[in-house]
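Undergrad: just the structure for this:
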Amino acid sequence: MSAGTARRRWLVGMGFLLPNFLGFCAFTLVPLALSFGMAFTDWDILRHNIFRHEALHFVGFDNFTRLFGDPQFWRDLGNTLFLMLGLPFGIAGSLGAALLLTRVGRRRCAVGPALVVATLIFVASGLVLLRGGMAGGGLAMLLGTFSASVLVAGVLTRGTVYRTLFYLPSFTSGIATFVLWKNLYNPHGGPINLALSRLGFDPPNWLGDYGWAKPALMIMALWAAIGSNNMILYLAALGNVSPELYEAAEIDGASPGQRFWNITWPQLAPTTFFIVVTGVVAGLQGGFEMARPMTQGGPAGATTTLSYLIFTEGFETGRLAYASAVAWFLFVLVFILSLLNFRFLNRHADD
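TA: Below is the predicted model:
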């Protein structure tokens, strides 16, 4: 190959890479460099703009000193870590859903029992309709018909319908899901409080009570995590486990629990390691997208996380320098926890 041909191919390759490189510089590299520089200045939108000519000063580590002395920062850091307590439950829920769906997909479930159960559901819904009138009975009939149809369709498709329904919330727009859950938590006529009242409980004001706001968001996050991408990852990992291992263990008399702990769980170690690392990173960076439409960070800052603090400082109060300091502290925290995960969890994934 001549030097001219090699150079021409290099130029053609660089031409294809150039749009992606320019996009990376414009939307990632340059903003990162600017935010790092702003963290050591007193940049404030209200004072440093085209209408005012105040000088921009280099303040060194003053923003970070102020950060560690700010009680609001420590409160928001505590909120972030508290919301992350639901991460193990979300991972366990997604694994449980994957195990159930894998079992349904592998076993040849009989259609007869499914039809019997579906008929019972349909008949019970009809009785509720006859006794309760069109208001509540019509809803019961609709839900009963839907449940019966899903049951039969799920058995006939060997779990394909079930997998689709479990993953369906992931296709839904996040803001639509949050608005839906906000209405479910509505203290005045919300379905959740209505059901609790019928059962004799005193329902709380989920999103308006300081003690219930964070648990309410964690319950919603748990519901979303069960059928999330983690479930898909576990489904793929379970599909790669050799059936011969289960057959050999069954011949040796291993119980279902022993087969899970000695075969399934070790085989899922690399997938679990990946899910834990990404879950920790997402948990530290998350919270804003839930709290913004549902609680506005309240009540009394109960659901304000570090990402919400960055948004508030940067785009509501205009203190871009302080917001950049918070963002870079969050980066360091994510980096350290990721290193710890790789140090202590990765060795178990490689065993």
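Undergrad: give me the pLDDT value at residue 305.
TA: At residue 305, the predicted lDDT confidence score is 94.
Undergrad: oh, I was asking about residue 125
TA: According to the model, residue 125 carries a pLDDT of 56.
Undergrad: give the buried residues for the strand or helix carrying residue 247.
TA: For residue 247, the host element (DSSP states H and E) is helix 243-251. Taking 16 or more other CB atoms under 10 Å as the neighbour-count basis, helix 243-251 is seen to contain the buried residues 246, 249. Placement of C-beta: from N, CA and C, glycine included.
Undergrad: for it, which helices and strands make contact with it?
TA: Contacts defined by 3 or more CB pairs under 8 Å, 6 or more residues apart in numbering; DSSP states H and E place helix 243-251 against helix 256-259.
Undergrad: go again using 6 Å as the cut-off
TA: Here helix 243-251 is seen to pack against no other helix or strand when contacts are counted using 3 or more CB pairs under 6 Å, 6 or more residues apart in numbering; DSSP states H and E.
Undergrad: gap between it and the chain center?
TA: Counting by CA atoms, centre = their mean, to the nearest Å, helix 243-251 is centred 35 Å from the centre of its parent chain.
Undergrad: can you check stretch 87-97 too?
TA: Relative to its parent chain, stretch 87-97 has a centroid offset of 11 Å by CA atoms, centre = their mean.
Undergrad: thinking again about what came up before, got a list of contacts for the helix holding residue 247?
TA: With CB atoms under 6 Å, 6 or more residues apart in numbering as the test, helix 243-251 has contacts from 259, 263.
Undergrad: hey, C-alpha coordinates of that helix in CSV?
TA: The C-alpha trace of helix 243-251 is given here as CSV (Å, rounded to 0.1, in the frame of the first residue of the first chain):
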residue,chain,number,x,y,z
PRO,A,243,-29.1,-27.3,32.2
GLU,A,244,-26.7,-30.2,32.8
LEU,A,245,-25.6,-28.6,36.1
TYR,A,246,-29.2,-28.6,37.4
GLU,A,247,-29.7,-32.2,36.2
ALA,A,248,-26.5,-33.4,38.0
ALA,A,249,-27.5,-31.6,41.2
GLU,A,250,-31.0,-33.0,41.0
ILE,A,251,-29.6,-36.5,40.6
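Undergrad: and it, average pLDDT?
TA: This predicted structure assigns helix 243-251 an average pLDDT of 86.
Undergrad: stretch 188-199 now?
TA: Mean predicted confidence for stretch 188-199 is 83.
Undergrad: do you have the strands of the stretch 1-150 of the chain handy? List them.
TA: Listed from the start of the chain, the stretch 1-150 of the chain has strands (DSSP state E, counting those that start in this stretch) covering 48-49, 52-53.
Undergrad: the residue most central in space within the chain sits in which helix or strand?
TA: In the chain, the C-alpha nearest the mean C-alpha coordinate belongs to residue 225, at 5.6 Å (CA atoms, centre = their mean). Secondary-structure element containing residue 225, defined by DSSP H and E: helix 210-226.
Undergrad: for that helix, packing partners?
TA: Packed against helix 210-226 by the contact rule (3+ CB pairs under 6 Å, 6+ apart) you find helix 87-106.
Undergrad: what's the angle from the helix it packs on to helix 243-251?
TA: Here helix 87-106 runs at an angle of 90 degrees relative to helix 243-251 (axes from the mean of the first three to the mean of the last three CA atoms, to 10 degrees).
Undergrad: ok, and what's touching helix 87-106?
TA: Contacts with helix 87-106, where a contact means CB under 6 Å, 6+ apart, come from 158-159, 162-163, 166, 222, 225-226, 230-231, 234-235, 238, 275, 279, 283.
Undergrad: in those residues, find the pair that's most separated.
TA: 158 and 283 (34.5 Å; CB to CB).
Undergrad: the two: which has the busier surroundings?
TA: Set residue 158 next to residue 283 and count neighbours by other CB atoms under 10 Å: residue 283 wins out with 21 against 16.
Undergrad: the more buried one - nearest residue in space that isn't next to it in sequence?
TA: Here the nearest residue to residue 283 in space, its sequence neighbours aside, is residue 84; by CB to CB, 6 or more residues apart in numbering that works out to 4.0 Å.
Undergrad: how long is stretch 249-256 end to end?
TA: Chord length of stretch 249-256, first to last residue, is 9 Å (CA to CA, to the nearest Å).
Undergrad: could you do stretch 221-234 as well?
TA: Where stretch 221-234 starts and where it finishes are 18 Å apart, if you go by CA to CA.
Undergrad: tell me which residues in it are buried?
TA: Neighbour-count burial for stretch 221-234, with 16+ other CB under 10 Å as criterion, is recorded at 221, 222, 224, 225, 226, 227, 228, 230, 231, 232, 233, 234.
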